[in-house]
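S.K.: okay, predicted coordinates and the sequence, questions at the end:
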Amino acid sequence: MGELMSDVVNKPWVGLDLQKPPTCKVFRCEERSRALELCSWGFENEAVLTSFLAQLENAGNYTRAAAVAVFNQRIKQAIQILQKGAAVKEPTLNSTAMALSGFTEDRKALWRETCMMLRSQLTDPYLRAMFAFLTDDADSFDPVLGETDMAIQDRVAFACNYLSDARLMEYLERLKMRLTEAGNLDGILLTGLCPEGIDLLQRYVDLTGDVQTVALVTIHTLQHAVNKDSRLSHWVQSWKGMTTPLSRSGEMVQVCQMTPRTVMEGGSSLMDGSGTGSLTLPTSNSDKSCKPGNNACHDLLSNKPCNKHLCLLRDKILSSSRAVANHII
């Protein structure tokens, strides 16, 4: 992919009772918009953002919802979310809501100094990131992006909104390398299921010994590549050997319901890489979009299909894999 060519947009803060609402500089281009959608941040209109925040609230993730609202210039909405959280979950969020209500863009204001001190005392990563964003003086946003306990997709989406083209690509590359080294499967959001994605899966196996998860990933998304990388068939064959004694167990039935019949029977679709199995989900990238020479950390900004459907599968695959592991133990 070539260099990004992003436009700078000054987004106004929404819901502030000011005669002239302040604005916030964000970057926009088609690639960034696609990446935001992959991170579930495709807020093309107010209704989509409101729905996303409501989902977070219903799941009890009030601080994350408040931070996402602030990152999208909705301070009043963030205050209301924190007040709801205080009423049903954590009373101390009322104090955070009160602190947030004093927001000002005046960089010399006492509010900013006070919030910078408050941030160092907070234990919730989303609240720390929220106040780091509001009190950032240099537009570096390093304290926000450095909150490693924030979800990967939220940090990446934030970067897609606020980092310049050069800084964005540098950040994604560093993050990809860090997640790969840690064997963190969330890194597939950045690598896709190209060769670097398979390297990430291998690193995950090396660190955890969990061959079941990568076997299920292979079955669902990488059948087309089995004859090109011996690691894929090795993972599936190893997994089959582990699960044979469980063929009648409830856990195995659950996994089999997710698995193409030709794969479970050792048929041609997986074993010879012909890719003829009848998957109910879309397959991974074509060879054309996944050439070894491509820079894999740019996959997120290229909207390669493997990123999105693997992220959707990940939780279900991990859940089923752990069910089998628990039965073995």
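M.R.: Okay, I see it.
S.K.: quick one: residues contacting L232.
M.R.: Taking C-beta atoms under 8 Å, 6 or more residues apart in numbering, we find L232 in contact with 198, 218, 222, 225-226. (Glycine included, C-beta is placed from N, CA and C.)
S.K.: wait, I meant A215
M.R.: 235-236, 238-240.
S.K.: so for it, what's the pLDDT?
M.R.: Looking at A215, its pLDDT is 90.
S.K.: name the element it belongs to?
M.R.: helix 211-221 (DSSP states H and E).
S.K.: who wins for most neighbours among the contacts of L232?
M.R.: Of all those, L222 has the most neighbours under the rule other C-beta atoms under 10 Å, reaching 28 neighbours.
S.K.: surely that residue and L193 touch.
M.R.: Yes: counting by C-beta atoms under 8 Å, L222 does reach L193; the two are 6.0 Å apart.
S.K.: worst-scoring helix or strand of this protein, pLDDT-wise?
M.R.: helix 268-271 (a mean of 28; mean pLDDT, DSSP states H and E).
S.K.: burial of D154, as a residue count?
M.R.: 21.
S.K.: for it, what are its contacts?
M.R.: The contact partners of D154, taken as C-beta under 8 Å, 6+ apart, are 39, 41, 64, 67-68.
S.K.: need the max-distance pair from these.
M.R.: Comparing all pairs in those by C-beta to C-beta, the longest separation belongs to C39 and A67, at 13.9 Å.
S.K.: returning to what we had before: out of the contacts of D154, which is nearest to G187?
M.R.: Closest approach between the contacts of D154 and G187, by C-beta to C-beta: C39, at 13.5 Å.
S.K.: and for that closest one, the neighbour number?
M.R.: The number of residues packed near C39 is 22, by other C-beta under 10 Å.
S.K.: ok, and the most crowded of the contacts of D154?
M.R.: Most neighbours among these, by other C-beta under 10 Å: A67, with 29 neighbours.
S.K.: check which helix or strand covers it.
M.R.: Using DSSP H and E, A67 sits in helix 62-71.
S.K.: and that helix, what does it pack onto?
M.R.: In this structure, helix 62-71 makes packing contacts with helix 46-58, helix 75-88, helix 93-101, helix 125-134, helix 152-162, judged by 3 or more C-beta pairs under 8 Å, 6 or more residues apart in numbering; DSSP states H and E.
S.K.: wait, which of the ones you listed is closest to R34?
M.R.: Closest among the helices and strands packed on helix 62-71, using C-beta to C-beta: helix 152-162, at 9.5 Å.
S.K.: any idea which helix or strand comes after the closest one?
M.R.: helix 165-182.
S.K.: and the contacts of that following helix?
M.R.: For helix 165-182, the surrounding residues in contact (C-beta under 8 Å, 6+ apart) are 3-6, 27, 32, 145, 152, 155-156, 159-160, 163, 186-187, 190-191, 196, 199-200, 203, 207, 296-298, 300-301.
S.K.: helix or strand next in line after it, which one?
M.R.: Next element after helix 165-182 (DSSP H and E): helix 188-191.
S.K.: buried ones in the following helix or strand past that next one, by neighbour count?
M.R.: Remark: after helix 188-191, the chain's next helix or strand is helix 195-208, criterion DSSP H and E. Of all the residues in helix 195-208, those buried under the rule 16 or more other C-beta atoms under 10 Å are 195-198, 200-205.
S.K.: do the same with stretch 163-173
M.R.: So for stretch 163-173, counting by 16+ other C-beta under 10 Å, buried means 163, 167-169, 171-172.
S.K.: okay, those in a markdown table with distance to L18 and pLDDT next?
M.R.: Formatted as a markdown table, the buried residues of stretch 163-173 follow (distance: C-beta to C-beta, whole Å; pLDDT from 0 to 100):
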| residue | distance to L18 | pLDDT |
| --- | --- | --- |
| L163 | 27 | 96 |
| R167 | 30 | 95 |
| L168 | 30 | 95 |
| M169 | 35 | 94 |
| Y171 | 32 | 96 |
| L172 | 35 | 94 |
